[in-house]
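Asks: Give me the fold of what follows.
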Amino acid sequence: MADIPPRVRHDVLARDRRCVASILWPHVCRDAFGNVHPPTHLTKMELDHVRENPAMGETATSIPEHLVTLCHFAHQTSHWATRNRPVLRRYLDLCDGLRAPSVAAIRSLRRMVWP
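Replies: As a prediction, the model looks like this:
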C-alpha cells in the first residue's frame, strides 16, 4: 500500500466528506471487523488509488486527483471498488479540484451503477 501524505489525506477526506460508495448506491459502511458505522465517520475511512489507465500491479500517484474515500467494506471486503473502477474514475474526473461533483453529476454517476 502506498503512503499517502497527511495533507493529501486531509484534502481528499474534506472533498468527499463520506464514503463515495454510499453516495452512488444503497450501501452500509463497515470497518475491517464488520462493524457498521456511518458513511461520514471519516476516521474509519480508507483512501483508494484509482488510476487513469489501469495497469496490473501499479498504484496511482498519491494526489487527490487519483484518490477516493471508501469504507473498508467497499474498498477491500466486497470488492465494490474494483468492480466499479470506471465509475470511480468518472467521479474523480467530475471533481473540480478539491470540490466534490455537483448533485446533477452524482445523479448521472448513479445511472452508471444502476443501469
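
Asks: Mean pLDDT per helix and strand in the chain: which one sits at the bottom?
Replies: Of all helical and strand segments in the chain, the minimum by mean pLDDT, DSSP states H and E falls on helix 103-113, at a mean of 85.

Asks: Show me what that helix is packed against.
Replies: If contacts are counted by 3 or more C-beta pairs under 8 Å, 6 or more residues apart in numbering; DSSP states H and E, helix 103-113 sits against helix 20-24, helix 85-94. For the C-beta atoms, the positions are set from N, CA and C on the backbone; glycine is no exception.

Asks: what about the residue nearest the centre of the chain, which helix or strand?
Replies: Computing the C-alpha centroid of the chain and ranking residues by C-alpha atoms, centre = their mean puts residue 68 first, at 3.0 Å. For residue 68, the host element (DSSP states H and E) is strand 67-70.

Asks: Was I right to think residue 36 contacts residue 22?
Replies: No: using C-beta atoms under 8 Å, residue 36 is not in contact with residue 22; the gap is 11.8 Å.

Asks: In terms of neighbours, single out the busier of these two.
Replies: Counted by other C-beta atoms under 10 Å, residue 36 and residue 22 do not tie: residue 22 has more neighbours, with 18 against 11.

Asks: Next one: the residue nearest to the centre of the chain relative to residue 33, how far apart?
Replies: As defined by C-beta to C-beta, to the nearest Å, residue 68 lies at a distance of 22 Å from residue 33.

Asks: tell me the most buried of the helices and strands packed on helix 103-113?
Replies: Among the helices and strands packed on helix 103-113, helix 20-24 has the highest mean neighbour count (mean count of other C-beta atoms under 10 Å), at a mean of 23.

Asks: For residue 115, report the pLDDT, please.
Replies: Residue 115 carries a pLDDT value of 57.

Asks: Check residue 58 too.
Replies: The predicted local confidence for residue 58 is 62.

Asks: do the same with residue 55
Replies: 59.

Asks: and residue 49, which of the helices and strands packed on helix 103-113 is closest to it?
Replies: helix 85-94 (10.0 Å; C-beta to C-beta).

Asks: Not counting its own residues, what contacts that closest one?
Replies: Contacts with helix 85-94, where a contact means C-beta atoms under 8 Å, 6 or more residues apart in numbering, come from 20, 24, 48, 50-52, 54, 65-68, 81, 101-102, 105, 109, 112-113.
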